[in-house]
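In: Kindly generate the corresponding structure for this input.
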Amino acid sequence: MLESIVVVGGGTSGWMTASYLSAAFGDRISVTVVESDRVPTIGVGEATFSTVRHFFEYLGLAERDWMPACNATYKLGIRFENWRAPGHHFYHPFERQRVVAGFSLPDWWLARSAPAGRFDEECFLVGTLCDNERSPRHLDGSLFEGDLADRSPGRSTLTEQGTQFPYAYHFDAALLAGYLRDYAVARGVRHVVDDVVRVAQDARGWITHVATRTSGDLAGDLFVDCSGFRGLLINEAVGEPFDSYQETLPNDSAVALRVPVDMERRGLRPCTTATAQDAGWIWTIPLYGRIGTGYVYARDYCSAEDAERTLRAFVGPAADDLEANHLRMRIGRTRRSWVNNCIAVGLASGFVEPLESTGIFFIQHAVEQLVKHFPDSDWNPGLRDSYNRLVGRCMDGVREFLVLHYYAAARADNAYWKDTKTRKIPDSLAERIEQWRTKLPHAESVYPHYHGFEAYSYVCMVLGLGGIPLSPSPGLRLLDPTAAQREFRLLAAQADELKRSLPSQYAYFAQSR
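Out: Residues are numbered from 1 along each chain as shown. I've put the predicted structure just below:
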């Protein structure tokens, strides 16, 4: 078996990788993380998928262990504002569709002769909870969906999730990286704070060691590149090409602010908010004690200066005197994330802009698959090829889902939004959209490989964004709607009861800290 792993780069990706490997393999393999204290980390994402709970469970960490240390809060979904029209909003929830007589509630909703109201409010519970800033847990800690209880997934992975857990998390990415660093070091991971000045390779192109400025050479059997957009190992040293997604996803820059707020006065909405702007969108992520916010934009349509002015105006006086962090994003993926004895994880592997909070998800998927495909000294190429296929398909699937957001948005009030309707989209997505015009997305008509999103996510986007004309399934008009009407009434009654009985998210966290 292999004896040693060297992880180049810390931050969220480096320490998620190291902590997961230490949890998986214990002291049967040595893990070293080398990171520079002179290179700032980007802090990949402050919002996650609900499936991230599998990561924490794998490490044996309960919410009470890590959430307070990372100023974490709950996320029940994403609120999309102004993507359809000014003042309009809808939710993409962590909640599967209810089904009546073989058709989903959104199918029945669309089949009404003149659908009224909001589909997300009438077909899902989460929209009501978010609008009213409810916590998904009662003050005694019990989950609002009692049938889910708190059954631990144990040492399971993303692809094994059988139910849709109703929430994810917001957290301070820098604090999480520090927490996981302490977790990993306490379990035997070696931490080297130094600059990597050279990557040494043998005649085959395999990495033998990395040379550091003051700590000498760090040798290993397997090298994990967590160096961010730079791709120090996988791109610069190994020479694996990077395939850009910019032809279909032009947003390549962001400017971010960390805004201290009085959460008791402001409230604590349990969702990420994505607010459409003239050249992109602004994220709002409520943590305990501050707001993380940033403008994701395309430099072809907006300058960095204009983006910062827009963001500061959006935040208001609270943005005064705050330092803005400007980022250039590399949108796309390294063609193969595993080459020779080098595996890229995180931004070095790929990134598909922050919309839908996929940064942490990509890291988790990569490290889970690394454990599932871990090689021995024979370096069986079948393991490498399977890993690359799964990781590549996952990113390509997320790319397709995000392209849908822009293409399907009804907003078309300037050049940026008009171009989202004429820009090239993947051929497979174009074919699927034609199917969805007459039959809402379902399991057999969405991207077929694992990428973290289920059919209901596509349903929420095509109904909420409003830019694709949709027709209901004709057969529904021949079915008796009585059972569906009863389910709509039941859902509305459940939403009203939860709105009444659940505490606000602020009240929940205030009493638990």
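
In: so what secondary structure elements neighbour the longest helix along the chain?
Out: Secondary structure assigned by DSSP state H gives helix 381-408 as the longest helix of the chain. Applying 3 or more Cβ pairs under 8 Å, 6 or more residues apart in numbering; DSSP states H and E, one finds that helix 381-408 contacts strand 332-334, strand 338-339, helix 359-372, helix 415-422, helix 427-436, helix 455-465. C-betas here are computed from N, CA, C, even on glycine.

In: quick check: angle from it to helix 455-465?
Out: Orientation check (axes from the mean of the first three to the mean of the last three Cα atoms, to 10 degrees): helix 381-408 against helix 455-465 gives 20 degrees.

In: related to what we said a few turns ago, would you turn the helices and strands packed on helix 381-408 into CSV with distance to V403, mean pLDDT and mean neighbour count?
Out: Below are those laid out as CSV (distance: least, Cβ to Cβ, whole Å; pLDDT from 0 to 100; neighbours: other Cβ atoms under 10 Å):
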stretch, distance to V403, mean pLDDT, mean neighbour count
strand 332-334, 13, 98, 23
strand 338-339, 26, 98, 25
helix 359-372, 17, 97, 24
helix 415-422, 9, 97, 16
helix 427-436, 6, 96, 14
helix 455-465, 11, 97, 23
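
In: how close does P381 get to R477?
Out: 55 Å (Cβ to Cβ, to the nearest Å).

In: same question, P250
Out: 41 Å.

In: and what of V345?
Out: From V345 to R477 the distance is 50 Å (Cβ to Cβ).

In: Hmm, H170 and E46 touching each other?
Out: Yes. Using Cβ atoms under 8 Å, E46 makes contact with H170 at a distance of 5.7 Å.

In: out of those two, which sits in the more crowded spot?
Out: Neighbour count, other Cβ atoms under 10 Å: between E46 and H170, E46 has more, with 34 against 26.

In: what about the nearest residue to C394 once chain neighbours are set aside, neighbour count?
Out: In space, C394 comes closest to H451 once its chain neighbours are excluded; the distance is 4.8 Å by Cβ to Cβ, 6 or more residues apart in numbering. H451: 22 surrounding residues under other Cβ under 10 Å.

In: K439 too?
Out: By other Cβ under 10 Å, the burial measure for K439, its neighbour count, is 14.

In: can you check W281 too?
Out: 24.

In: same question, W66
Out: 19.

In: ok, residues contacting the host helix or strand of A184?
Out: Here A184 sits within helix 173-186, counting by DSSP states H and E. Residues outside helix 173-186 that contact it (Cβ atoms under 8 Å, 6 or more residues apart in numbering): 10-12, 14-16, 18-19, 22, 31, 33, 41, 43-46, 59, 61, 66, 69-71, 191.

In: Just the ones of those in helices?
Out: Filtering these for helices - DSSP H - leaves 11-12, 14-16, 18-19, 22, 59, 66.

In: State the pLDDT value of the nearest residue to W15 once chain neighbours are set aside.
Out: Leaving aside its chain neighbours, W15 sits nearest to L180 (3.9 Å; criterion: Cβ to Cβ, 6+ apart). Model confidence at L180, given as pLDDT, is 98.

In: Please report how far L180 lies from E160.
Out: 22 Å.

In: Which of those two has more residues huddled nearby?
Out: More crowded of L180 and E160, by other Cβ under 10 Å: L180, with 27 against 12.

In: any idea how far I360 is from that one?
Out: Counting by Cβ to Cβ - L180 and I360 are separated by 12 Å.

In: quick one: common contacting residues for the two?
Out: In contact with both L180 and I360: M16, using Cβ under 8 Å, 6+ apart.

In: okay but A24 is in contact with V371, surely?
Out: Yes. In this structure, A24 is within contact of V371 by Cβ under 8 Å, at 4.8 Å.

In: what's near enough to touch the residue lying closest to Y288 once chain neighbours are set aside?
Out: With Cβ to Cβ, 6+ apart as the criterion, Y288 has its nearest non-adjacent residue at 4.5 Å, and that residue is N71. N71 makes contact with 171-172, 175, 287-290, according to Cβ under 8 Å, 6+ apart.

In: run the last query once more with 10 Å
Out: Contacts for N71 (Cβ atoms under 10 Å, 6 or more residues apart in numbering) come out as 46, 170-172, 175-176, 287-290, 292, 509, 513.

In: out of those, who's nearest W338?
Out: Nearest to W338 among those: L176, at 25.3 Å, using Cβ to Cβ.

In: D243 contacts G332, doesn't it?
Out: Yes. Taking contacts as Cβ atoms under 10 Å, D243 lies within contact range of G332: 5.2 Å.

In: Find residues that contact each of the two.
Out: Each of 350, 395 lies in contact with both D243 and G332 under the rule Cβ under 10 Å, 6+ apart.

In: The residue nearest to L322 when sequence neighbours are not counted: which element?
Out: Leaving aside its chain neighbours, L322 sits nearest to L257 (5.1 Å; criterion: Cβ to Cβ, 6+ apart). Using DSSP H and E, L257 sits within strand 253-260.

In: now the helix or strand just after that strand: how far from the chain's centre is it?
Out: Moving toward the C-terminus from strand 253-260, the next helix or strand (DSSP H and E) is helix 263-266. Helix 263-266 sits 26 Å away from the centroid of its parent chain (Cα atoms, centre = their mean, to the nearest Å).

In: List the buried residues in helix 263-266.
Out: Neighbour-count burial for helix 263-266 flags M263 (criterion: 16 or more other Cβ atoms under 10 Å).

In: Give me the contacts around it.
Out: With Cβ under 10 Å, 6+ apart, helix 263-266 has contacts from 73, 133, 286-291, 318, 504-507, 509-510.

In: what about that helix, average pLDDT?
Out: Taken as a whole, helix 263-266 has a mean pLDDT of 92.

In: could we number from 46 for the rest of this?
Out: Yep, numbering from 46; the last one is helix 308-311 now.

In: just how off-centre is stretch 140-147 within its chain?
Out: 25 Å.

In: Is there a quick ChimeraX command that grabs whichever of the contacts of helix 218-231 are buried?
Out: The following ChimeraX line selects those of the contacts of helix 218-231 that are buried, judged by 16+ other Cβ under 10 Å:
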select :55,56,57,59,60,61,63,64,67,76,78,86,88,89,90,91,104,106,111,115,116,236
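
In: shaky segments in the chain?
Out: 87-90, 158-161, 191-198 (pLDDT under 70).

In: Out of all residues in it, which is the farthest from the middle?
Out: If you look at how far each residue of the chain sits from its centre, by Cα atoms, centre = their mean, the farthest one is L523, at 40.1 Å.

In: Give me the phi and psi for that one.
Out: Dihedral angles of L523 (phi, psi; degrees, to the nearest 10) stand at phi -100, psi -10.

In: same thing with E126?
Out: Dihedral angles (degrees, to the nearest 10) for E126: phi -110, psi 130.

In: Quick check: D152 touching L521?
Out: Yes. In this structure D152 lies within contact range of L521 using Cβ under 10 Å: 6.4 Å.

In: what pairs with H236 across the strands?
Out: On the basis of DSSP bridges, H236 is bridged to V78.

In: what sits against it?
Out: Per Cβ under 10 Å, 6+ apart, neighbours of H236: 52, 55, 60, 63, 76-80, 226-227, 229-230.

In: Quick check: it vs V78, distance?
Out: Counting by Cβ to Cβ - H236 and V78 are separated by 6 Å.
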